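J.: using only what follows, build the 3D model:
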Amino acid sequence: MAARLEQDRSGEIMGRASYRDAVDRAAILSVLSEFDPHIAGTPPLDLDVPTSDIDILCHAPDPCRFAAAVWKAFGSRPDFRMWQWIGADRPVLATFEAHEWQFEIFGQATPVAEQAGWRHLVIERRLLALGGERLASAVMAFRRNGLKTEPAFAAALKLGGDPYQVLLDMGDWTDESLSASIGRAIA
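T.: The predicted structure is shown next:
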């Protein structure tokens, strides 16, 4: 077990399947295809640390039907848990372990492209494309020190306020504005 938590010099996690392999082996995208599943979080950004999980975002206009499908498909997996919020559109969250990864499946009535988790992924990809290895290294330094992804981006970019909201707001910025922000933070 300890071997899967080791990292090589670049920070890459050694000894466990790639996140793509784990997703494929768990058949999550095909099993949940009717809910438009998308992989989000740090692994697709190459910013994962040993404690990172694989986030799957789904469009679930009928939370009861979604919960039943998730329960049927993954309820027997190790560490399976599921709960539903009582507010807003009553999103459902399920977690379990498979193929040496922790999975987190999130379903809500909002289409995936409009969900905060997906919008965070989109802006983080843009920032990394503009900031390159320098920004990725700065974010990873904060990630390795225990920060979650959005707070790590905010710290690397020296942004104040709620990091989750600030990143959502940055989604409307032009590439020029994003590049200027990156340039000011990472000189």
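J.: give me the buried positions along the longest helix anywhere in the chain.
T.: Secondary structure assigned by DSSP state H gives helix 116-144 as the longest helix of the chain. Neighbour counts over helix 116-144 (16 or more other Cβ atoms under 10 Å) mark 116-121, 123-124, 127-128, 130-131, 135-136, 138-140, 142-143 as buried. Every residue, glycine included, has its C-beta placed from N, CA and C.
J.: what helices and strands are in contact with that helix?
T.: Packing partners of helix 116-144 (3 or more Cβ pairs under 8 Å, 6 or more residues apart in numbering; DSSP states H and E): strand 38-40, strand 54-59, helix 149-156, helix 163-170, helix 175-185.
J.: for the longest one, what is the distance to the chain centroid?
T.: Read it as helix 175-185. 23 Å (Cα atoms, centre = their mean, to the nearest Å).
J.: just want the angle from that helix to helix 149-156.
T.: Going by axes from the mean of the first three to the mean of the last three Cα atoms, to 10 degrees, helix 175-185 is angled at 60 degrees with respect to helix 149-156.
J.: kindly report the same for the fourth one.
T.: Following the same axes, to 10 degrees, one obtains 80 degrees for the angle between helix 163-170 and helix 149-156.
J.: now do helix 163-170 against helix 116-144, angle only.
T.: Using the same axes, to 10 degrees, the direction of helix 163-170 lies 120 degrees away from that of helix 116-144.
J.: the residue nearest the centre of the chain: what's it in contact with?
T.: The geometric centre of the chain, computed from its C-alpha atoms, lies nearest to G41 (Cα atoms, centre = their mean), at 1.2 Å. Listed by Cβ atoms under 8 Å, 6 or more residues apart in numbering, the contact set of G41 reads D48, S52, D53, I54, D55, E104, G117, L121, T149.
J.: confidence score at the third one?
T.: Pointing back at D53 there. Listed pLDDT for D53 reads 95.
J.: distance of it relative to R20?
T.: Separation of D53 from R20 (Cβ to Cβ, to the nearest Å) stands at 14 Å.
J.: got it, and the fourth one?
T.: Shown here: I54 relative to R20, a distance of 9 Å by Cβ to Cβ.
J.: neighbour count: those two, which is higher?
T.: Neighbour count, other Cβ atoms under 10 Å: between I54 and R20, I54 has more, with 24 against 12.
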